[in-house]
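[1] A structural model of the following input is requested.
(one chain, ligands or ions: 2)
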Amino acid sequence: MSTAAKPEISVVIPVYNEQGNLPTLFARLYPVLDKLGRSYEIIFTNDGSADQSSDLLAAQYAARPDVTRVIEFNANYGQHMAVMAALERVRGEVIVTLDADLQNPPEEIPNLLKQTDAGYDCVGGVRQNRQDHFLRRRCSQLVNFVRSKTTSIEMSDQGCMLRAYSRAVVDGIVRSGAVNTFIPALAYNLARNPTEIPVSHEERHAGVSNYSAYQLVRLNFDLITYFTTAPLQLFTIFAMLCSVGSFLLVIVLGTRRLILGPEEGGIFTLFGVLFFLISVCMVGIGLIGEYMGRTYQVVRARARYNVSHILEAQS
Ligand code: UDP
Ligand code: MG
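    Numbers count the residues shown, from 1 in each chain. Ligands and ions are numbered 1, 2, ... in the order given. Coordinates of the predicted model:
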């Protein structure tokens with residue numbers, strides 16, 4: 001069961017300031033995998049943690065070098081880049097992703113594997129009794145709704161990171177070389193035979209969520225802009241309707257002036273219309289900027305992340 005040989009299962013876990021969770025995670029995760037009786041590896045990516053996470057991971061590597069690999073980033077590049085770095089290095093045939101904060105119970109992994117054994121190449125967890133803030137849950141629902149209307153991706157719970165993929169799907173994700181990507185949605189696009197299963201969800205074991213409201217907004221913009229240009233198209237249609245409307249308004253005002261003569265009374269209405277149109281323009285420019293910014297990131301091809309070192313047994 002050494003990582004040097006090709007293991008059957010690769011478990012991928014991003015870690016950012018999780019010192020309060022790692023000991024419990026190790027204590028629960030390794031027994032679950034040991035009990036499977038199948039070869040496995042666990043790849044932790046330390047995403048530039050500022051706490052003791054790095055030391056804890058190194059100690060765990062020392063304790064179980066046969067099945068543990070640790071990728072150390074030099075700085076914080078975000079959860080999805082951390083997962084990506086691990087996906088680029090997995091050796092297993094089935095890949096499971098999991099959060100380090102124990103919101104996704106490791107005990108659910110065998111249930112995911114039952115589905116991959118049955119031939120599904122992308123198994124999504126759907127969190128039951130989700131243990132997050134009310135506001136966060138409502139926002140998730142909104143994004144799920146927008147996504148289902150603007151893309152062809154059908155997922156009940158895109159935010160759940162407890163998932164399993166076949167090697168082919170993971171290879172596809174890696175080949176896409178995406179810069180800011182939402183891995184579950186990308187995987188769904190690449191899958192031939194996706195399925196979903198309910199998984200339990202727990203409260204964060206220790207610490208607080210690493211996502212601020214701002215980061216969540218950025219993340220969801222990534223999701224929508226990566227998979228569809230629908231916002232741009234909707235905006236264009238809306239802007240066209242607005243210009244038709246304003247053109248008609250100009251004709252009405254012009255005719256009125258010719259027939260009834262000039263009037264001052266309507267000046268505020270005009271201001272109102274003007275402000276409205278300006279705001280529409282601003283939204284449009286912002287939207288275009290969103291796509292441009294992302295295009296720019298891809299075009300300049302800067303390294304998406306930097307690895308400072310890797311702890312692993314030589315293969
Ligand atoms: N994470 C990461 N880099 C980051 C933020 C988070 O690797 O910049 C990891 C974190 O350690 C955890 C997972 O991503 O394993 C999910 O993060 P978190 O629990 O903060 O997000 P939430 O559950 O609130 O969505
Ligand atoms: Mg969490």
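[2] so how far is residue 29 from the residue nearest to the spatial centre of the chain?
    Closest residue to the average C-alpha location of the chain: residue 182 at 3.3 Å, with Cα atoms, centre = their mean. Between residue 182 and residue 29 the computed distance is 24 Å (Cβ to Cβ, to the nearest Å). Any C-beta I mention is one placed from the backbone N, CA and C, and that applies to glycine too.
[3] repeat for residue 291
    Relative to residue 29, and taking Cβ to Cβ, residue 291 is found at 39 Å.
[4] likewise residue 215?
    For residue 215 relative to residue 29 (Cβ to Cβ), the value is 26 Å.
[5] And residue 239, by the same measure?
    For residue 239 relative to residue 29 (Cβ to Cβ), the value is 52 Å.
[6] With neighbour numbers in mind, choose between the two.
    residue 29 (21 against 15; other Cβ atoms under 10 Å).
[7] what's the closest non-adjacent residue to the more buried one?
    The spatially closest residue to residue 29, leaving aside those adjacent along the chain, is residue 106, at 4.2 Å (Cβ to Cβ, 6 or more residues apart in numbering).
[8] Now do the contacts for the one you found.
    By Cβ atoms under 8 Å, 6 or more residues apart in numbering, the contact set of residue 106 is 25, 28, 29, 32, 33, 98.
[9] Is stretch 116-132 in proximity to ligand 2?
    No - Stretch 116-132 is not in contact with ligand 2 by Cβ under 5 Å from the ion; minimum separation 8.0 Å.
[10] Please identify the buried residues of that stretch?
    116, 120, 121, 122, 123, 124, 125, 127, 130, 132 (16 or more other Cβ atoms under 10 Å).
[11] helix or strand for the fifth one, which one?
    It refers to residue 123. Following DSSP states H and E, one finds residue 123 within strand 122-128.
[12] List the neighbouring strands of that strand plus their orientation.
    strand 163-166 (antiparallel), strand 194-200 (parallel) (DSSP bridges).
[13] After the longest one, which helix or strand is next?
    Spelled out, it's strand 194-200. By DSSP H and E, the next helix or strand past strand 194-200 is helix 213-227.
[14] Which neighbouring elements make contact with the helix or strand that comes right after that following helix?
    Scanning forward in sequence from helix 213-227 by DSSP H and E, the next helix or strand is helix 230-260. Here helix 230-260 touches helix 213-227, helix 267-300, going by 3 or more Cβ pairs under 8 Å, 6 or more residues apart in numbering; DSSP states H and E.
[15] would you list those helices in JSON lines and tack on mean neighbour count?
    What follows is those, written out as JSON lines (neighbours: other Cβ atoms under 10 Å):
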{"stretch": "helix 213-227", "mean neighbour count": "16"}
{"stretch": "helix 267-300", "mean neighbour count": "12"}
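[16] Compile the ones you listed into JSON lines and extend it with columns for mean pLDDT and distance to residue 148.
    As requested, the helices and strands packed on helix 230-260 are exported to JSON lines (pLDDT from 0 to 100; distance: least, Cβ to Cβ, whole Å):
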{"stretch": "helix 213-227", "mean pLDDT": "80", "distance to residue 148": "11"}
{"stretch": "helix 267-300", "mean pLDDT": "79", "distance to residue 148": "20"}
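[17] Any part of stretch 9-26 near ligand 2?
    No - judged by Cβ under 5 Å from the ion, stretch 9-26 stays clear of ligand 2, getting no closer than 9.3 Å.
[18] mind checking the end-to-end distance for that stretch?
    Using Cα to Cα, to the nearest Å, the span of stretch 9-26 from its first residue to its last is 17 Å.
[19] Pull out the buried positions in that stretch.
    By 16+ other Cβ under 10 Å, the buried positions in stretch 9-26 come out as 9-22, 25-26.
[20] and that stretch, how far from the chain's centre?
    18 Å (Cα atoms, centre = their mean, to the nearest Å).
[21] coming back round to it: so which of the strands paired with strand 122-128 comes closest to ligand 1?
    Ligand 1 lies closest, by Cβ to the nearest ligand atom, to one member of the strands paired with strand 122-128: strand 163-166, at 12.8 Å.
[22] which residues does the residue nearest to residue 223 when sequence neighbours are not counted contact?
    Spatial nearest neighbour of residue 223, excluding adjacent residues (Cβ to Cβ, 6+ apart): residue 182 at 4.4 Å. Neighbour list for residue 182: 80, 158, 219, 222, 223, 226, 227 [criterion: Cβ under 8 Å, 6+ apart].
[23] which residue packs closest to residue 127, ignoring adjacent ones?
    residue 201 (3.9 Å).
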